[in-house]
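S.K.: prediction below, plus the sequence it came from.
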Amino acid sequence: MGIDPGLSKCGYAVVTLQGQRMTVEVIPTAALQQRLAHDIGTGSVGMICVGNSTTSGAVMEMVRRTWPQVAAGFVDETNTTLEARRLYYEDNPPRGLLRFVPRGLLVPNAPLDGYAALLIIRRWRERGSTGDTGPGRPRV
């Protein structure tokens with residue numbers, strides 16, 4: 001599970017152990033704990049990857065306090081917004097005349113936070129976390 005935390009909204013992504021996307025979305029920050037409770041309640045969450053920028057400390061504290069049994073770690077989220085734009089256009093290629101406009105000049109019509117959360121998971125899978133995963137938890 002990946003979280004791109006923000007002040008008013010969070011990117012939220014869930015993938016299988018094999019890397020298959022299950023969820024890529026944007027949720028209000030105020031609804032994050034309830035959403036995590038629902039998904040963790042299914043018993044299938046093995047790791048929570050939290051981007052290490054805006055409000056990440058508060059999100060990680062909430063995760064560790066509420067679900068100490070679930071491994072959690074910070075992941076460097078540098079440039080994930082830029083990379084998320086590329087990923088967004090892979091999933092939603094421009095149509096009509098817009099397909100001739102360079103992608104860097106296009107502005108997506110949807111928030112990219114969910115794609116940033118997906119990239120946070122990918123980074124964790126490729127490189128491991130950048131921060132403490134908590135007492136008694138292995139660094140991943």
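M.R.: Arrived safely. Numbering: from 1, shown residues only.

S.K.: who touches the spatially most central residue of the chain in this structure?
M.R.: The centroid of the chain falls nearest to Ala117 when counting by C-alpha atoms, centre = their mean (1.8 Å). Counting by C-beta atoms under 8 Å, 6 or more residues apart in numbering, Ala117 touches Gly2, Ile3, Asp4, Cys10, Gly11, Tyr12, Ala13, Val24, Gly51. For glycine as for every other residue, the C-beta is placed from the backbone atoms N, C-alpha and C.

S.K.: pretty sure it is in a strand, no?
M.R.: No: counting by DSSP: H, G, I helix; E, B strand; the rest coil, Ala117 is not found in a strand; it is helix.

S.K.: for the nearest residue to it once chain neighbours are set aside, helix, strand, or coil?
M.R.: If the residues on either side of it in the chain are set aside, Ala117 comes closest to Gly11, at 3.4 Å by C-beta to C-beta, 6 or more residues apart in numbering. Secondary structure of Gly11, reduced to three states by three-state DSSP: strand.

S.K.: and Gly11, bridged to which residues?
M.R.: Asp4, Val26 (DSSP bridges).

S.K.: pretty sure it sits against Tyr88.
M.R.: No: using C-beta atoms under 8 Å, Gly11 is not in contact with Tyr88; the gap is 11.6 Å.

S.K.: under the pLDDT cut-off, which ranges of this protein? List them.
M.R.: Within the chain, the stretches with pLDDT under 70 are 128-140.

S.K.: and the residue of it positioned farthest from its centre, how far from Leu106?
M.R.: Distance from the C-alpha centroid of the chain, by C-alpha atoms, centre = their mean, peaks at Leu97 (31.7 Å). According to C-beta to C-beta, to the nearest Å, Leu97 and Leu106 sit 12 Å apart.

S.K.: what does Glu77 give?
M.R.: 22 Å.

S.K.: that older thread, and Gly11 and Tyr88? Which one has more around it.
M.R.: Gly11 (28 against 21; other C-beta atoms under 10 Å).

S.K.: if I pick that one, what's in contact with it?
M.R.: Per C-beta under 8 Å, 6+ apart, neighbours of Gly11: 2-4, 25-26, 51, 84, 111-118, 120.
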